[in-house]
Structure formats: structure tokens, C-alpha cells
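**Student:** here are the coordinates; sequence isn't available:
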């Protein structure tokens, strides 16, 4: 396999998968190039300073090893962060955490970042609607 | 213990083939074009191999030209016919389920002023003979249709398709690299047939093109005039000897039984659809809701080696064109895994795969949004 040990580990033992109960935002994203699909669930709560944080997060992914590993890593990276901190995460953060990805699989890490942004958008639009 | 079920990609060399080849590397290594005794030995063994291969498809010895493999044979056949018959017409007919070495040769010929028709196939992968007949025009010079298909196993009826070409006085080429020695091939039914060795437990880097006597074809490799002037390049003596031996001892072994065992076992897994039929070594299945590369990699971690048509696993991120051509949705293509057998596989290996696979499928479905 053309993957680093970290990618394979994340693929073999992914964290935070499955649908999240009582989620506050859902980012559904499909990759038009390869057909991968990622659902990212986030649960938002306020911390003691009154800032909105990602209290819980989970994913469901139809995709290759790189997509599944990127999904797992984005949940690890975003969990416990404030929304503004989480939105600063980049695809480089994801690939670095994975010990690199093959060039052709970089779009998988982009998918994870995009899904996180979509989930936050979903949360905010729901909040605005309240 | 590793379990290799990717025999449509390539096969292990048969120990008897390897044994027969070895002395042509370090003992009888002469150039078959040399007039001395050592050269004579090389010439003799090449002709022995040629005879075996010719007989296997009911052809004459001088209708077999050795090449470097299936890709060269397909290039040679298609370009060779195209350019020499240009004054008769510029139209070539092929299908949407060809090997890349046919499809991309045809695509390149489009840039050289040729017109190509890519025939559709039905849901099982069969070319419709009426479609072929309708596609032939007075400009058509060649029809190229794959015999046994490498992804789904469908076997085309060469007699029926070949007869249509004969009636319209159009050359008929078939890529038989995947079907060779696994189902009968009669050279009466085609003008050109591509064959190769490494799919049948022979060495890599050697193949053949059957060219029916009287066929007008351009030379593809120019040089010292080897292969009666048809294909220059120093003869690959060990390769050709190995190819001959591989054909001589070829058998489908228990492939049919193993194919049924695997297919029936896969059908018992929830939400699995079978794509394959025909060739005894090909089993293709869609695992709905999960992606093929993830399945292949999970099996890889268990030392089980298979293939997928998924876009994720291809170097250009394109889903498999054959699977699209039989009408599968993109997501189904991306969920397709191909298992391909050889005569060296065993019932125990198939049973091991069938034991491990459902656990992998269950795990990946848990992660997937599509249950």
C-alpha cells in the first residue's frame, strides 16, 4: 500500500465514527472526482468562558483508505476546539497528522476540511433560524 | 500465508516453465539470428514454441509472430491494419469494454485522422451483432473486439462477430490475452489475435500476434528483420521458450469449481451483487455502500491480494470504464472488487477469503453513511 504507517493505523482503528446523537451540525460532502462521500457530525456547546466549542464530533465515510484516515484525523483535531480554532485547521494539518499522503490522495484531506466547514455552516444556519 | 487472487493482473510463473527457461539465460544464450550451432539451438527452440502456440489456436506456424506482450500485439494489430489500409477507409470499430492498450491505441488513431466507433454492450457485457453490422460502413477497415473481458469475464462469440466482418470484407482483430487457454480460441474466426504469456503462468515480456495468411498489415517494429521480417528485435529466447511451455501445460484446473464456490459465498454476504460470468477465473462483485480500495486494502492487511475498479485505486482517479459500460452507477463501480483465480488456488484459500471478508465488509459498513 502506498500509505504511511500513521495512515494505515488510522484506517485500521479509526476514531469517532458513526452517527452522532443530538448533533448540532451536519456537513455532508461528496467528492466529484473520485466519488467519496463524507458525513461529519458536530455537537456544539459553550465552554466556561462562554465560547462555542466542538464538544463532540463523529464521521461516516464512504471512501478509500486515505479518505477514512483523513476523516478520523479531522475528528481528533477538531474535538474540544473552539469553532474559530477548528475553522483554522488546514489540509496540511490533516496530512501532517497522517505522516503525509500520496500526491493523488491529497484531495481526501481537503474533503475532511470541507466537511468540517460545512458542518459549522449547518450549525450556524440552524442557529440563525432559531 | 498470502492468498493471491489477482491472476487477471498477472500470474506466478509455473516452476516447470521457469525450469525450462533457465538454460537459455546462461548456457544456450546465443542470438537466434547467428548462423553458428549455438544460434541454431536457439532457432530450434523458438520454432518448437511457435508450433505449440500455433496448434493451440488451430493456426499455421508462420501465422504466429512473437512480440513483447499483449500491449504490443494490440498496438501492432490495430496500427498495422490502420495505416496500410488507409486508402480503403479510415473507420475502425471497437467496443467500450476493451483493454486500455486497444482503447488508447484507437484514441491515438483518432488524432491521426481515423474515425472510431466505440460499440455499447448490454448489461452482461455482450456486443450486439446487429449493432456491429449497423456500425460497418464502406469506410470500415477493422473491427477489434476483446474476446474474454478482464473485469467481468464476459466471453464474446468470435464466430458470430467474425462472420459479420468476413461478410463485409473487414479485418477482425480480437484481444484474447485474458481468455487464452481458459476457453477455446479458433483462429478460423479472426484475422488477428493478441496473445500473451504472463497471464497463463508464463514469463512477462513475451506475447504473440496471430496474423492470418494474406492479411495486409504494416510492420510495427523496424530493424534487423526478425520474425520473417514481421517484427524486428533480438528474439527473446527464454521468454518464447517459457511461453511455449506455459501453453503446453496450461489447464484451468479447478478454476470453475472455485469460481462457483467463491461466487456463491459472496452472494451470502449482505448487499453484494455479482457482475461476472464467462471466464472461469474472474469473479467480480459489488459491495454496496463501501468503497473498493478500502476493501482491497483491508484484505491486503490480511495478506489477501485482489483488485478493484474503484476510481480511488486508479492512477487517474477514473472509475473503471468497463463497469460503467455495463450500466453500473458510479458508486457501484467504486464498490466493485475483482477476485481472479488461477490453477494454483485452492478451496482452502477461497474459504479463508470467505471467512475474513464478511468481517471487513461489516466493519467498513459501520463507518459508511450508506448502510
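**Tutor:** In hand now; what should we look at? As the structure is a prediction and not an experimental result, all values here were calculated from the model.
**Student:** for chain B, what are the nearby residues on chain A?
**Tutor:** A:1, A:3, A:8, A:11-12, A:14, A:17-18, A:28, A:33-39, A:59-68, A:104 (CB under 8 Å from any CB of the partner chain). (Each C-beta comes from the backbone N, C-alpha and C, glycine too.)
**Student:** Is the spatially most central residue of chain A in a helix, a strand, or coil?
**Tutor:** Nearest to the mean C-alpha position of chain A, by CA atoms, centre = their mean, lies residue A:74 at 3.8 Å. With DSSP: H, G, I helix; E, B strand; the rest coil as the basis, the three-state label of residue A:74 is helix.
**Student:** Residue B:321 is in contact with residue B:125, correct?
**Tutor:** No. Taking contacts as CB atoms under 8 Å, residue B:125 lies outside contact range of residue B:321: 12.0 Å.
**Student:** With neighbour numbers in mind, choose between the two.
**Tutor:** Shown here are residue B:125 and residue B:321; by other CB atoms under 10 Å in any protein chain shown, residue B:125 has more neighbours (26 against 16).
**Student:** Would you agree the more buried one falls within a strand?
**Tutor:** No. Residue B:125: not assigned to a strand; according to three-state DSSP it is coil.
**Student:** Identify the residues contacting it.
**Tutor:** B:97, B:149, B:152, B:154, B:322, B:325-326 (CB atoms under 8 Å, 6 or more residues apart in numbering or on different chains).
**Student:** out of everything not next to it in sequence, what's closest to it?
**Tutor:** residue B:154 (3.3 Å; CB to CB, 6 or more residues apart in numbering or on different chains).
**Student:** again, but for residue B:188
**Tutor:** residue B:58 (6.5 Å).
**Student:** got a list of what the one you found touches?
**Tutor:** For residue B:58, the contact set (CB under 8 Å, 6+ apart) comprises B:186-188.
**Student:** With residue B:106 instead?
**Tutor:** Residue B:106 sits next to B:78, B:92, B:94, B:98, B:114, B:116, B:118, B:144 when contact means CB under 8 Å, 6+ apart.
**Student:** Which two of those residues have the greatest separation?
**Tutor:** Pairwise distances across these peak at 15.3 Å for B:98 and B:114 (criterion: CB to CB).
**Student:** ok, residues contacting stretch B:21-36?
**Tutor:** The contact list for stretch B:21-36 (CB under 8 Å, 6+ apart) reads B:38-39, B:41-43, B:45-46, B:203, B:224, B:226, B:234-235, B:237-239, B:241-242, B:245.
**Student:** one step back: I only care about the residues of chain A next to chain B that end up buried; give me the PyMOL line for that.
**Tutor:** Command for PyMOL that selects the buried part of the residues of chain A next to chain B, burial taken from 16 or more other CB atoms under 10 Å in any protein chain shown:
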select buried, chain A and resi 3+8+11+14+17+34+35+36+37+38+39+59+60+61+62+63+64+65+66+67+68+104
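**Student:** near chain A, which residues of the stretch 201-350 of chain B?
**Tutor:** Taking CB under 8 Å from any CB as the measure of proximity, the stretch 201-350 of chain B contacts chain A at B:289-291, B:293-294, B:297, B:300-301, B:310-313, B:315, B:317, B:319, B:330-331, B:334.
**Student:** can you give me the end-to-end distance of stretch B:191-204?
**Tutor:** End-to-end span of stretch B:191-204 (CA to CA, to the nearest Å): 25 Å.
**Student:** what's the average pLDDT for it?
**Tutor:** Here stretch B:191-204 scores 98 as its mean pLDDT.
**Student:** Restricted to helices, list the residues of the stretch 201-350 of chain B next to chain A.
**Tutor:** Per DSSP state H, helices hold the following members of these: B:293-294, B:297, B:300-301, B:330-331, B:334.
**Student:** Of those residues, just say which sits nearest to residue B:9.
**Tutor:** Checking these one by one against residue B:9 (CB to CB), the nearest turns out to be residue B:300, at 13.6 Å.
**Student:** Quick one: name whatever helix or strand follows the worst-scoring helix or strand of chain B on mean pLDDT.
**Tutor:** In chain B, no helix or strand scores lower on mean pLDDT, DSSP states H and E than helix B:330-334, which sits at a mean of 94. Later in the chain than helix B:330-334, the nearest helix or strand by DSSP states H and E is strand B:336-340.
**Student:** Count residues in the vicinity of residue B:267, would you?
**Tutor:** 11.
**Student:** try the one 5 residues further on
**Tutor:** With neighbours defined by other CB under 10 Å, the count for residue B:272 comes to 19.
**Student:** Same question for residue B:184.
**Tutor:** Residue B:184 has 11 nearby residues by other CB under 10 Å.
**Student:** How about the backbone phi and psi for it?
**Tutor:** Main-chain torsions, residue B:184, degrees, to the nearest 10: phi -70, psi 140.
**Student:** now swap in residue A:41 and tell me
**Tutor:** According to degrees, to the nearest 10, residue A:41 has phi -100, psi 130.
**Student:** May I have the beta-bridge partners of it?
**Tutor:** Judged by DSSP bridges, the bridge partners of residue A:41 are residue A:26, residue A:58.
**Student:** Mark which of the contacts of residue B:106 are buried, thanks.
**Tutor:** Among these, the ones that count as buried by 16+ other CB under 10 Å are B:78, B:92, B:94, B:98, B:114, B:116, B:118, B:144.
**Student:** A helix includes the fourth one, no?
**Tutor:** No. Following the definition three-state DSSP, residue B:98 is coil and is not counted among the residues of a helix.
**Student:** Quick one: classify the residue nearest to it when sequence neighbours are not counted as helix, strand or coil.
**Tutor:** Spatial nearest neighbour of residue B:98, excluding adjacent residues (CB to CB, 6+ apart): residue B:146 at 5.1 Å. Classification of residue B:146 by three-state DSSP places it in coil.
**Student:** Give me the number of neighbouring residues for residue B:146.
**Tutor:** The burial count for residue B:146: 28, using other CB under 10 Å.
**Student:** Next one, pLDDT for the residue in the stretch 51-200 of chain B positioned nearest to chain A please.
**Tutor:** Using CB to the nearest CB, residue B:151 is the residue of the stretch 51-200 of chain B that sits closest to chain A, at 17.3 Å. As predicted, residue B:151 sits at a pLDDT of 97.
**Student:** which one's the longest helix in chain A?
**Tutor:** Chain A, longest helix under DSSP H: helix A:106-129.
**Student:** For the stretch 101-250 of chain B, which segments count as helices?
**Tutor:** For the stretch 101-250 of chain B, the helices defined by DSSP state H, counting those that start in this stretch cover B:129-135, B:158-167, B:237-248.
**Student:** so which of the contacts of residue B:125 comes closest to residue B:306?
**Tutor:** Using CB to CB, the contacts of residue B:125 come closest to residue B:306 at residue B:152, 14.8 Å.
**Student:** Any regions of the stretch 101-250 of chain B where pLDDT drops low?
**Tutor:** The model of the stretch 101-250 of chain B has no residue with pLDDT under 70.
**Student:** where do the strands sit along it?
**Tutor:** Using DSSP state E, counting those that start in this stretch, the strands of the stretch 101-250 of chain B run over B:115-119, B:140-144, B:171-175, B:192-196, B:207-211.
**Student:** quick revisit: buried ones only from the residues of the stretch 201-350 of chain B next to chain A, please, as a PyMOL command.
**Tutor:** Entered in PyMOL, the line below selects the buried ones among these, by 16+ other CB under 10 Å:
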select buried, chain B and resi 289+290+291+293+294+297+300+310+311+312+313+317+319+331+334
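**Student:** List of residues touching the host helix or strand of residue A:7?
**Tutor:** For residue A:7, the element it lies in under DSSP H and E is helix A:5-12. Residues from elsewhere that reach helix A:5-12 (CB under 8 Å, 6+ apart): A:1, A:3, A:65-66, A:68-69, A:72-73, A:97-99, A:101, B:294, B:297, B:301.
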